[in-house]
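Visitor: Here's a sequence, model it:
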Amino acid sequence: MKKMTDRLEAVFTLIPRAETIADIGTDHGYLAVELVARGRAKKAIAGDVNKGPLASAKAYVASTEVAEDVDCRLGDGLQVVKTGEPEGAVICGMGGFLMRDIIEAGPEMLDFYVLQPQNGQAELRQYMVAKGYRIVREVIMADMGKLYQAFLAVKKGREAAYVTADGPVTQAVLDAKDPYENLSDASMLWTVGALVQCEKPALWEEHMHHLIHMREAALEGMTETLAHTDKYQVLAAEINELKELV
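Guide: Model prediction:
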């Protein structure tokens with residue numbers, strides 16, 4: 001059975017090397033194991049709030065050669081780690097607002113976060129930037145017929161600690177202009193991904209057309225009485241901006 005989905009493989013490419021990394025919402029523990037097995041981390045903390053998935057993770061971890069270096073813990077979000085323990089965290093498959101709450105609850109702000117939100121992308125990116133992080137890499141991935149986004153945010157002033165020639169943080173990445181600096185809060189680039197908009201990877205047009213389609217479908221579902229509401233006007237403006245970005 002394939003352990004790492006295409007989504008998790010894409011997320012993996014964003015993870016810098018570190019001593020200890022927390023995988024929050026670990027589910028079966030596959031990513032936590034790969035963090036150690038592939039040399040991204042010397043130790044991994046696999047955390048989950050649900051007993052069932054954590055039991056599955058423990059069983060899987062125990063069957064691997066890196067079991068001694070992957071610690072499975074039951075708990076809510078980053079409450080499973082101690083202050084000073086991990087340098088970074090990976091959080092996948094949750095809503096962006098929940099991720100924001102998990103990061104805010106701490107116990108401290110880490111050097112980096114790799115985040116794959118299911119929604120609330122704009123609000124999560126804005127939160128990370130407001131907290132003093134620079135978004136240095138972004139990806140769009142396809143998995144089982146769906147498109148997903150993920151990004152790496154590194155604390156400003158700590159970027160150099162994670163620069164490697166073959167990793168997600170290179171000197172060239174840091175030397176490039178930060179498209180999120182001074183970006184208007186109203187810009188759709190917070191939702192789309194300002195870095196992928198610059199790069200326009202293979203899935204870019206499909207990603208954009210999906211975002212446009214979702215909004216056009218929402219407009220079509222509105223009755224005539226809603227045509228002059230603020231929500232209608234916002235959706236129409238978003239569609240126009242997205243079409244200009246394609």
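Visitor: Need the contact partners of the helix or strand where residue 52 lies.
Guide: Residue 52 is located in helix 51-62, with elements delineated by DSSP states H and E. Counting by C-beta atoms under 8 Å, 6 or more residues apart in numbering, the neighbours of helix 51-62 from elsewhere in the structure are 26-30, 32-33, 46, 48, 67, 70, 72-74. For every residue, glycine as well, the C-beta is placed using N, CA and C.
Visitor: do stretch 84-91 as well
Guide: Residues lying outside stretch 84-91 but in contact with it, judged by C-beta under 8 Å, 6+ apart, are 11, 15-16, 18-25, 31, 35, 45, 78, 81, 99, 102-103, 108, 110-116.
Visitor: buried subset of these?
Guide: When neighbours are counted using 16 or more other C-beta atoms under 10 Å, the contacts of stretch 84-91 contain these buried positions: 11, 15-16, 18, 20-25, 31, 35, 45, 78, 81, 99, 102-103, 110-116.
Visitor: what about residue 193, distance to residue 72?
Guide: Here the distance between residue 193 and residue 72 works out to 32 Å (C-beta to C-beta, to the nearest Å).
Visitor: For this structure, which segments are assigned as helices?
Guide: 6-12, 30-37, 51-62, 96-105, 121-130, 171-175, 189-192, 194-199, 204-220, 230-245 (DSSP state H).
Visitor: among those helices, which is the most enclosed?
Guide: Per-residue neighbour counts averaged over each of the helices of the chain give the maximum for helix 30-37, namely a mean of 24 (mean count of other C-beta atoms under 10 Å).
Visitor: Convert the C-alpha atoms of stretch 28-48 to CSV, please.
Guide: The C-alpha trace of stretch 28-48 is given here as CSV (Å, rounded to 0.1, in the frame of the first residue of the first chain):
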residue,chain,number,x,y,z
HIS,A,28,-1.3,7.3,10.3
GLY,A,29,2.2,8.7,11.0
TYR,A,30,3.4,8.3,7.5
LEU,A,31,4.9,11.8,7.1
ALA,A,32,6.5,11.7,10.5
VAL,A,33,8.3,8.5,9.6
GLU,A,34,9.5,9.9,6.3
LEU,A,35,10.8,13.0,8.0
VAL,A,36,13.4,10.8,9.8
ALA,A,37,13.8,8.1,7.2
ARG,A,38,14.7,10.7,4.5
GLY,A,39,16.9,12.8,6.7
ARG,A,40,14.7,15.9,7.0
ALA,A,41,14.8,15.6,10.8
LYS,A,42,16.8,13.6,13.3
LYS,A,43,13.7,13.3,15.5
ALA,A,44,9.9,13.7,14.7
ILE,A,45,7.0,14.2,17.0
ALA,A,46,3.8,12.7,15.6
GLY,A,47,0.8,14.4,17.3
ASP,A,48,-2.9,13.7,17.0
